[in-house]
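# Sequence first, predicted model second:
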Amino acid sequence: MRRRRRTWSRRRRVVTALALVFVLLLSAYPISLWLAYAGEPSAEARTRNHDALWLGHAWVDGRKTTADVAALAKQLDGTGIRDLYVHAGPLEHDGSLPLAKVSPRARWFVTSMRAAAPDVRVQAWLGDVVQPAKNPGMDLDDPAVRSRVVASSAAVLDQGFQGIHFDFEPVHSGSAGFLAVLDETHALTAAHGAPLSVAAAQIDPLWRLNVLGKWWSQDYFGEVARRVEQIAVMSYDTAMPLESLYGGYVAKQTELALKVTPASTDLLMGLPAYWESNPSHWGRAETVSAAVRGARLGLGTSNRQNFGLALYVDFTATPAHWAAYRDGWCVAP
């Protein structure tokens, strides 16, 4: 009996010790985020005129007018926004794109926008849900599907778009099919002298969390970044409950992405210009101002010129969101 009690006691001590270590790790991480959000951003951490804005489907399906284009051009003036990612899909699960059905006014919008804001590039935002996490969905491991994705990309370039912006979700870290479709599409965009950009998952904030499917490993993020001209981190929907923790999270994501993004690739951090309140996105915490400040803190004193912020998305962005972006990122102190 004494031996059994001693054995149980040793087990209890081991379990207790492991539980304490786990608790300490859990508490240490939010503390590290809070510390990452402390201090003042560098005065030099301001727009480098490599920023972007995601635009909804209304711009290519006939709902927008010439007056809307003029108003958008005026809104973009002085913001540093150089690229527009215009939703021109979605792609079908087989990779095809029925242009007449989904974007009958695409050529009109591209032509009108280029006339109203000639320094702004208009890219076609294409994407779909992907297998195996989403079924039915697009199978990027299928060469025939990838071939149709490339053909769809060629079709929107023929509409006048000046680049291709992919947003496939959820792409799991290590996906070979995703890398393959980037390689195959890049051959097309390079031949057209157009950029290929991608909306990217967040980088694994803790060791091996990417096995859960939400995050990419830092190495895989680098693999993707080396295959494109632009990579925009979807740095929102983080489940962070406080503004300070969310801002610290964005700061750390910025630092992680900077380390593995080639100097030749534009790096952009996404800003949540929308309101939701649920376990994955607390609206009171995930604010534009916190994201801007976090990105500035993560950027530090880096003189990297091809760094920017990207607002998601135009049809939910309020005047307060735009003011937070301008005041935090565009206006010198």
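Cool, got the structure. Numbers count the residues shown, from 1 in each chain.
# C-alpha only now, for contacts and for neighbours.
Will do.
# so where's the stretch 201-333 of the chain shaky on pLDDT?
Along the stretch 201-333 of the chain, segments meeting pLDDT under 70 span 207-213, 333.
# Show me the strands in it, by range?
Using DSSP state E, counting those that start in this stretch, the strands of the stretch 201-333 of the chain run over residues 230-233, 266-272, 277-278, 281-282, 307-312.
# Can you list the strands that the fourth one pairs with?
Take DSSP bridges as the rule and strand 281-282 pairs in its sheet with strand 277-278 (antiparallel).
# Out of the strands of the stretch 201-333 of the chain, which is closest to G89?
strand 307-312 (16.6 Å; C-alpha to C-alpha).
# Enumerate the positions of that closest one that are buried.
Neighbour-count burial for strand 307-312, counted by 16 or more other C-alpha atoms under 10 Å, picks out 307-312.
# Just name the closest of these to W329, please.
For W329, the nearest member of these is L309. The distance, counting by C-alpha to C-alpha, is 8.6 Å.
# Roughly how far does that closest one sit from G270?
Here L309 is placed at a distance of 6 Å from G270 (C-alpha to C-alpha, to the nearest Å).
# wait, which of the strands of the stretch 201-333 of the chain is closest to Y220?
Comparing these against Y220 with C-alpha to C-alpha, the closest turns out to be strand 230-233 (12.6 Å).
# Could you export the strands of the stretch 201-333 of the chain to a markdown table, including columns for distance to A43?
Below are the strands of the stretch 201-333 of the chain laid out as a markdown table (distance: least, C-alpha to C-alpha, whole Å):
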| stretch | distance to A43 |
| --- | --- |
| strand 230-233 | 23 |
| strand 266-272 | 18 |
| strand 277-278 | 32 |
| strand 281-282 | 29 |
| strand 307-312 | 15 |
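# Determine the longest strand present in this structure.
With DSSP state E setting the assignment, residue counts place strand 121-129 as the longest strand in the chain.
# got the CA positions of that one in CSV?
As requested, C-alpha coordinates have been extracted for strand 121-129 and formatted as CSV (Å, rounded to 0.1, in the frame of the first residue of the first chain):
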residue,chain,number,x,y,z
ARG,A,121,-3.3,49.1,-60.2
VAL,A,122,-6.5,47.1,-60.5
GLN,A,123,-6.0,43.4,-59.8
ALA,A,124,-8.5,40.6,-60.1
TRP,A,125,-9.3,38.9,-56.8
LEU,A,126,-10.0,35.2,-57.5
GLY,A,127,-10.5,32.4,-55.1
ASP,A,128,-12.6,29.5,-53.9
VAL,A,129,-12.9,27.1,-50.9
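# Right, I'll leave it there.
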